[in-house]
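> have a look at this prediction, sequence included:
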Amino acid sequence: MPANFTEEQRKVIRKSLLTIGYDLIREVGLKKMKVSLIAERAEIATGTFYHFFESKETYVSALIEEQEKVWKEQMISGVKSYGKLTLEQAVRIFRESFRKENNILMEFTLDDWIWLKSHRTKDGLFSKGHDELEVQQYLACIDGIRPDLDIRIIINFFKTIYSMAQNRDTFIDEVFETNVDMIFECIYNYVVIQDEK
């Protein structure tokens, strides 16, 4: 029997569930995050969780989609303010989106990525087609990009950052963010029209 919530109550509960998900990923990790724990934190019955998400997999997809929505809104906001973004503005937005506090994927451990990869069959998240489409959408908002750009190189730069994050405990923490800054400098140098350097 479906739970009877008003539309407003559904919005509040869903938002709470998403916030709890981000917190639990930071606390226990994605792989160890159980639906029963999510429901307990949200002070709802475990069965009620399934009125909002059909599975943990769809819940995790919603967490990632919500985050991507924020990034896209930042890009759209910049485009509305300035027309197309300059490459410098876009790189700044992307760099901010790769900080732990702004990107839950930067919190994932290797175990979390393995779990995600083995449970993402429905939405194609991180598939070549998904990644290429997403990067093309972002690039359409940016001026000053070289015409012979190979978006696969940019995708691999981003995946390099995520690979570093999942193995963060093996890096020297004090300079980790500097290493990420340097990757973004490489991205900028690759993407910029060559005669603008």
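Great, that's in hand. Predicted model only: the values in this text are computed from it and were never measured. Numbers count the residues shown, from 1 in each chain.
> mind listing what Ser77 touches?
Going by Cβ atoms under 8 Å, 6 or more residues apart in numbering, Ser77 touches no other residue. Where you see a C-beta, it was placed from the backbone N, CA and C, and this is true even at glycine.
> read off the pLDDT value for it.
Ser77 is assigned 79 on the pLDDT scale.
> measure it to Trp71 for me?
11 Å (Cβ to Cβ, to the nearest Å).
> now swap in Gly21 and tell me
Distance of Gly21 to Trp71, given as Cβ to Cβ: 17 Å.
> so between these two, which is more surrounded?
With other Cβ atoms under 10 Å as the criterion, Gly21 and Trp71 differ in neighbour count, and Gly21 comes out ahead with 24 against 17.
> which is the succeeding secondary structure element to the helix or strand containing the more buried one?
Secondary-structure assignment from DSSP states H and E places Gly21 in helix 7-27. Downstream of helix 7-27, the first helix or strand assigned by DSSP H and E is helix 35-42.
> in that following helix, what counts as buried?
Ile38, Ala39, Arg41, Ala42 (16 or more other Cβ atoms under 10 Å).
> just the C-alpha atoms of that helix, please, in CSV.
What follows is helix 35-42, C-alpha atoms only, in CSV (Å, rounded to 0.1, in the frame of the first residue of the first chain):
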residue,chain,number,x,y,z
VAL,A,35,18.8,1.2,2.8
SER,A,36,17.8,0.4,6.4
LEU,A,37,20.5,2.9,7.7
ILE,A,38,19.3,5.6,5.3
ALA,A,39,15.7,5.0,6.4
GLU,A,40,16.7,5.1,10.1
ARG,A,41,18.5,8.4,9.7
ALA,A,42,15.5,9.8,7.8
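> against which helices or strands is it packed?
Here helix 35-42 touches helix 7-27, helix 46-49, helix 56-82, going by 3 or more Cβ pairs under 8 Å, 6 or more residues apart in numbering; DSSP states H and E.
> residues in contact with that helix?
Contacts for helix 35-42 (Cβ under 8 Å, 6+ apart): 13, 16-17, 20-21, 23-24, 28, 45-46, 48-50, 56, 59.
> which among those residues gets closest to His130?
Nearest to His130 among the contacts of helix 35-42 is Tyr59, at 18.4 Å by Cβ to Cβ.
> any idea how far Tyr162 is from Glu66?
Tyr162 is 18 Å from Glu66, where distance means Cβ to Cβ.
> my bad, Glu132
Relative to Glu66, Glu132 is positioned 22 Å away (Cβ to Cβ).
> quick one on the thing from earlier: farthest-separated two in the buried residues of helix 35-42?
Ala39 and Arg41, at 7.4 Å, using Cβ to Cβ across these.
> Thr46: neighbour count?
Counted by other Cβ under 10 Å, the residues lying close to Thr46 total 13.
> distance of it relative to Glu66?
22 Å.
> distance between stretch 10-26 and the chain's centre?
In terms of Cα atoms, centre = their mean, to the nearest Å, the centre of stretch 10-26 is found 15 Å from the chain centre.
> can you give me the buried ones in that stretch?
Applying 16+ other Cβ under 10 Å to stretch 10-26 flags Ile13, Arg14, Ser16, Leu17, Leu18, Ile20, Gly21, Leu24, Ile25 as buried.
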